[in-house]
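Visitor: Prediction below, plus the sequence it came from.
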Amino acid sequence: MPPHPLLDPRIKLRHLSCFVETDRRGGVVPAAEALGLSQPAISKSLAELEDILGVALFDRTRRKLALTEFGALFLRYANAALAALRQGVESVSLASHADAVVRLGALPTVEVDVVPRAVARFSGGPLAARVHVESGPSPHLLGLLRAGGIDLVVGRMPAPEVMAGLTFEHLYSEPLVLAVRPGHPLLTETVPSLRMVEPFPALVPPRGAIIRQTVETVLLAAGIARLPREIETVSNSFGRAYACLSDAVWFISRSVVAADLQSGALVALDVDMSASYGAIGITTRAGAEIDLPTGAFIAAVREVAGRR
């Protein structure tokens, strides 16, 4: 038995337009005037639609056309279909307009790896548009997201207590590492541990940053309530520079320093950081409409993340 078609191919846009406008205007004559068609053309389209559906949509026994029960039911879906079509046309028009812009927030976790590669991929695609990247700590970016200043945030999953009105799409997980310069005194330790970090300067995220809670949890598990020589920063550039010229220990997401670790510019201490794994993904406003360029950029982020 052949599959049932999703939509009867005989139903055309003109059928829906004539039906909706006839109901809205209260008759065939005003509908014809509104659509710029002749009265016979409207009547013919209505008759064809009723023949296709196999039911009467209007009660023609009254002086004024009135919807039947079937007509009232079909009107809900016809209005929704036309509204969706108009929205699609407007979205395509906006996406192809020179002023289209994708506005995103990039947390430090992804601003040197996933986001640059996603922007490069997106910029080479058919829906390429201007891209505005905002960086900063989580409270700043989530505030912009809620206010409509940006449309998505890429990075670690926010804490549950700040997720009201937001949605998070998990893409992958990664741990923190303790990055130090080559020749750091701790590299000579046979069995380095977190307790050995205490005498050294520690580059850590500030209070309010997403990974701050992760850092504190890992330290508490090692019996460390607070590091005495903390330097708070969300700047990858500062963290990298300071770690390279001092004996500081940098608590940082692995992807941020992956290239440095590979080149030997920095070295990861051989300390178990498995408890620091965190979800990385995309945060958006719940129920927010995503336009075509932004949707294409999100697809690029997914693809880049999937290749990790």
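Guide: That came through fine.
Visitor: what about the helices in the stretch 51-200 of the chain?
Guide: Using DSSP state H, counting those that start in this stretch, the helices assigned to the stretch 51-200 of the chain run over residues 69-95, 114-123, 138-147.
Visitor: Next: the stretch 201-308 of the chain.
Guide: Assigned by DSSP H, counting those that start in this stretch, the stretch 201-308 of the chain shows helices spanning 210-221, 236-245, 258-263, 292-306.
Visitor: Show the average pLDDT along the third one.
Guide: It stands for helix 258-263. When pLDDT is averaged over helix 258-263, the result is 94.
Visitor: tell me which residues of the helix or strand containing A31 are tucked away?
Guide: Taking DSSP states H and E as the definition, A31 sits inside helix 28-35. Neighbour counts using 16 or more other C-beta atoms under 10 Å place 28, 31-32, 35 of helix 28-35 among the buried residues. For glycine as for every other residue, the C-beta is placed from the backbone atoms N, C-alpha and C.
Visitor: Spell out which two among those are the most distant pair, please.
Guide: Distances among the buried residues of helix 28-35 were taken as C-beta to C-beta; the most separated pair is V28 and L35, at 10.5 Å.
Visitor: list residues touching both of those two?
Guide: I42 (C-beta atoms under 8 Å, 6 or more residues apart in numbering).
Visitor: about what we covered before: tell me which other helices or strands the helix holding A31 touches.
Guide: Using 3 or more C-beta pairs under 8 Å, 6 or more residues apart in numbering; DSSP states H and E, the elements in contact with helix 28-35 are helix 13-25, helix 39-53.
Visitor: Can you say which of the ones you listed is nearest to P137?
Guide: Of the helices and strands packed on helix 28-35, nearest to P137 by C-beta to C-beta is helix 13-25, at 49.3 Å.
Visitor: now what about the closest one, what contacts it?
Guide: With C-beta under 8 Å, 6+ apart as the test, helix 13-25 has contacts from 28, 31, 33-35, 37, 41-42, 45-46, 48-49, 52, 57-58, 65, 67, 71, 74-75, 78-79, 81-82, 85.
Visitor: Highest average neighbour count across the helices of the stretch 201-308 of the chain: which stretch is it?
Guide: helix 292-306 (a mean of 19; mean count of other C-beta atoms under 10 Å).
Visitor: between that helix and helix 114-123, how many degrees?
Guide: With axes from the mean of the first three to the mean of the last three C-alpha atoms, to 10 degrees defining the directions, helix 292-306 sits at 130 degrees from helix 114-123.
Visitor: what's next to helix 292-306, contact-wise?
Guide: Helix 292-306 has contacts (C-beta under 8 Å, 6+ apart) with 91-92, 94-95, 100-104, 114-115, 117-119, 121-122, 125-129, 131, 151-152, 154, 171-172, 280-282, 290.
Visitor: What average pLDDT does it get?
Guide: Rounded mean pLDDT across helix 292-306 is 93.
Visitor: out of the helices of the stretch 51-200 of the chain, nearest to A202?
Guide: Judged by C-beta to C-beta, the one of the helices of the stretch 51-200 of the chain that comes nearest to A202 is helix 138-147, at 19.6 Å.
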